[in-house]
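Engineer: Give the three-dimensional model of this entry:
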Amino acid sequence: MRQLAYSLLPLLLLVALASLACVLGYFVLLLTGDVVELRKVISKGTQVLLVLSIFPLRKWLQLSWSDLGFAPRRQFIRQMGLGVLLGIVTLLPVLLVLYGLDIHVFDVGREWTVMKGIKKITVALLLALLISFVEEPLFRGILLAAFRRKMYLLAAILLSSFYYAALHFLKSKTDVPYDELTITSGFRLLGEAFVNWVNPEILSALLALWVVGVFLAVIRTEFENSLGICVGCHAGWVWQIKVSKDFFDTNQQSDYLYLVSSYDGVVGPLVTVWLSMAIAAYYLWKNTGKWSSGA
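Structural biologist: Residues are numbered from 1 along each chain as shown. This next block holds a predicted model:
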């Protein structure tokens, strides 16, 4: 019962910080004017508050940066490079299959130049690094480390990965007109965002992202101070997905469209199966190696 209560603490923290973002978002728009949708302000505000929460939580839980998986700077940078390579190796086959099955088709409607292509690829890489630097210390860092103190390793991996996957779908698509904004508007959007968690249409992508989280959590727990690898691998995946979306479209008429979800045209059953096989192969190799050593 105590473990169940502990497992719900991140949800309570999320609700509290998202509620704070709703209030702050209202006042931000009052000061700045009608420059961006309230839902986007709340979404980004919640992410910023979650990242900032790492610092007081780390002290409260008495966790060192090493406990969160951070290696010394030079080692961390080398890990990131290795992680990017791992991300390319593990996702590129998926993208090639999607292209081979005519799920992804080249966008012939766009005109490309070498410089425009380089710019797109570079911007995508920078955004991918930013996203991974935000999400990995949060999920494979503080959350996984906290859960490992209170529950079995497998439960910590599965639960932290589920939070990671679920947070991607905490979204509202409603735009509140600026002249109709009130201090309670954000809470209505927040309610819609939480209701989205029970939308059956997200199930395929949710499962795939859950497995993605498990894959990264396995790296984090199997190798000491390996958060840099997780950051690089995550960035490598996001980078390829963003570049793929720039150059390719999802063919809605494909006979194999069920292999991807509508979330981003990449994550879906194919990713779920592929990364599940990768995780199983790693543990099989690990255990076979132990048996060989014992023999």
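Engineer: now Glu192: how far from Leu29?
Structural biologist: Using Cβ to Cβ, to the nearest Å, one gets 18 Å for the distance from Glu192 to Leu29. Glycine gets a C-beta too; all of them are placed from N, C-alpha and C.
Engineer: out of the two, which sits in the more crowded spot?
Structural biologist: Leu29 (20 against 15; other Cβ atoms under 10 Å).
Engineer: What does the pLDDT read for the more buried one?
Structural biologist: For Leu29, the model assigns a pLDDT of 94.
Engineer: Spit out the contact partners of it.
Structural biologist: Residues near Leu29 by Cβ atoms under 8 Å, 6 or more residues apart in numbering: Val35, Val36, Leu38, Val41, Tyr178, Leu181.
Engineer: Tell me which of those residues fall in helices.
Structural biologist: Leu38, Val41 (DSSP state H).
Engineer: Let me have the contacts of Leu29 in CSV, extended by neighbour count and distance to Ala18.
Structural biologist: CSV is the format used below for these (neighbours: other Cβ atoms under 10 Å; distance: Cβ to Cβ, whole Å):
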residue, neighbour count, distance to Ala18
Val35, 9, 21
Val36, 14, 17
Leu38, 24, 13
Val41, 21, 12
Tyr178, 14, 21
Leu181, 16, 17
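Engineer: what sits against Gly81?
Structural biologist: By Cβ under 8 Å, 6+ apart, the contact list for Gly81 reads Gly232.
Engineer: Any buried residues in whichever strand or helix holds it, and which?
Structural biologist: Assigned by DSSP states H and E, Gly81 falls within helix 73-100. Applying a neighbour-count criterion of 16 or more other Cβ atoms under 10 Å, the buried positions in helix 73-100 are 76, 79-80, 83-84, 86-88, 90-91, 94-95, 98.
Engineer: mean confidence score for that helix?
Structural biologist: Rounded mean pLDDT across helix 73-100 is 97.
Engineer: C-terminal to it, what's the next element?
Structural biologist: Next along from helix 73-100, by DSSP H and E: strand 104-106.
Engineer: partners of that next one, with directions?
Structural biologist: Strand 104-106 sits in its sheet next to strand 248-250 (antiparallel), going by DSSP bridges.
Engineer: can you tell me the average pLDDT over the helix or strand following the partner strand?
Structural biologist: Next in sequence after strand 248-250, counting helices and strands by DSSP H and E, comes helix 269-294. Helix 269-294 carries an average pLDDT of 84.
Engineer: Stretch 161-178 too?
Structural biologist: Computed over stretch 161-178, the average pLDDT equals 93.
Engineer: Could I get the buried residue list for that stretch?
Structural biologist: Under the neighbour-count criterion of 16+ other Cβ under 10 Å, stretch 161-178 has 161-172, 176 buried.
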